[in-house]
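Asks: After the sequence you'll find the predicted model.
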Amino acid sequence: MLTDSERQEAVNALIRAEKTKVQATQPSVAWPHIEIEDAYAISAAVAQSKVDKGSKIVGHKVGLTSKAMQRSSNIDEPDYGHVFSDMVLSDGAVVKHADFCVPRVEPELTFVLKDRLMGPNIGLVDVLNATDYIVPSIEIIDARVCEPRKIYDTVSDNGAGAGLILGGRPVRPDAVDLRWVGAIFHRNSAIEETGLAAGILGHPAMAVAWLANRLGSFGVALEPGHMVLSGSFTRPVWAAKGDTLHADFGPLGTVAVSFE
């Protein structure tokens, strides 16, 4: 385990990296004795720092929930992060490329809860019953630490969460078979990735269940009104200045974001 001062050093490094847009050394490199509990504590402390400065936590995100994402990062278990009010944008948003270190984008499904969820023993049906609606989304991820990254690094770094663009057509959890929701992901005019939501732990609601159970072990619940990103079912796509990223979810509509 890290000492309190080592945890604080990691917190300071991540806050500085987000401010300067210069990636920091991985916590697992700076402190090889780091454990997963340290990573969650670092993430919570960074989140509290943002809340103290006026941000509001409006949800959570699960990452690395599909084999595509795990292979792209060489990490074989999910990670977790917070969604802050200033991360949430509308369909067609234009963001500044200079506001990120190394931005990448992913198509995802965002669950919006109507009931509280808290582990242990949360399952798929519990998640569906607690969900108000699901909305197609694009997540902007931005690693504030260098590669190669281990699970300790991605958890400490808020799961690389940096932006959430909501769009498409919201649907009730029983309106479609969520396993078969697909996306065609374009960068400008080129198709970069395609995938099905079944790639997320067999069903995207299972990512929300995993999160509720993981956070429950820390005494944290998913609250009514919270948005929960279930993770990408494609590999991430790099975003360069001038790019427009467009996700076509078929019957569920489209969502796009541009980088200037």
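Replies: Nice, thanks for sending it over.

Asks: For the rest of this, base every contact and every neighbour count on C-alpha atoms.
Replies: Noted.

Asks: Next, please give the residue ranges for the strands of the chain.
Replies: 57-63, 79-84, 88-90, 93-95, 103-113, 131-142, 161-166, 182-187, 190-196, 227-229, 237-238, 244-248, 254-259 (DSSP state E).

Asks: Compute the inter-axis angle for the last one and strand 161-166.
Replies: Looking back up the chat, that one is strand 254-259. Angle of strand 254-259 versus strand 161-166, following axes from the mean of the first three to the mean of the last three Cα atoms, to 10 degrees, is 140 degrees.

Asks: hmm, who's touching strand 254-259?
Replies: The contact list for strand 254-259 (Cα atoms under 8 Å, 6 or more residues apart in numbering) reads 91-97, 136-138, 165-169, 239-248.

Asks: sorry, back to before: so which of the strands of the chain comes closest to Ala44?
Replies: Minimum separation from Ala44 across the strands of the chain (Cα to Cα) falls at strand 79-84, 8.6 Å.

Asks: Packing partners of that closest one?
Replies: strand 57-63, helix 151-156, strand 161-166 (3 or more Cα pairs under 8 Å, 6 or more residues apart in numbering; DSSP states H and E).

Asks: nearest to Thr20, of the strands of the chain?
Replies: The closest of the strands of the chain to Thr20 is strand 131-142. By Cα to Cα, the value is 12.9 Å.

Asks: what's the spacing between that closest one and its chain's center?
Replies: Here the centre of mass of C-alpha atoms in strand 131-142, compared against the chain's by Cα atoms, centre = their mean, to the nearest Å, lies 9 Å away.

Asks: Just the C-alphas of it, formatted as PDB.
Replies: The C-alpha trace of strand 131-142 is given here as PDB (Å, rounded to 0.1, in the frame of the first residue of the first chain):
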ATOM      1  CA  THR A 131     -32.700   2.000 -15.500                       C
ATOM      2  CA  ASP A 132     -34.900   4.800 -16.700                       C
ATOM      3  CA  TYR A 133     -33.500   4.800 -20.300                       C
ATOM      4  CA  ILE A 134     -30.400   4.200 -22.300                       C
ATOM      5  CA  VAL A 135     -28.900   6.700 -24.700                       C
ATOM      6  CA  PRO A 136     -26.300   6.300 -27.500                       C
ATOM      7  CA  SER A 137     -23.100   8.200 -26.700                       C
ATOM      8  CA  ILE A 138     -19.500   8.900 -27.600                       C
ATOM      9  CA  GLU A 139     -16.900   9.000 -24.900                       C
ATOM     10  CA  ILE A 140     -13.800  11.000 -25.200                       C
ATOM     11  CA  ILE A 141     -10.900   9.300 -23.400                       C
ATOM     12  CA  ASP A 142      -7.700  11.000 -22.600                       C
END
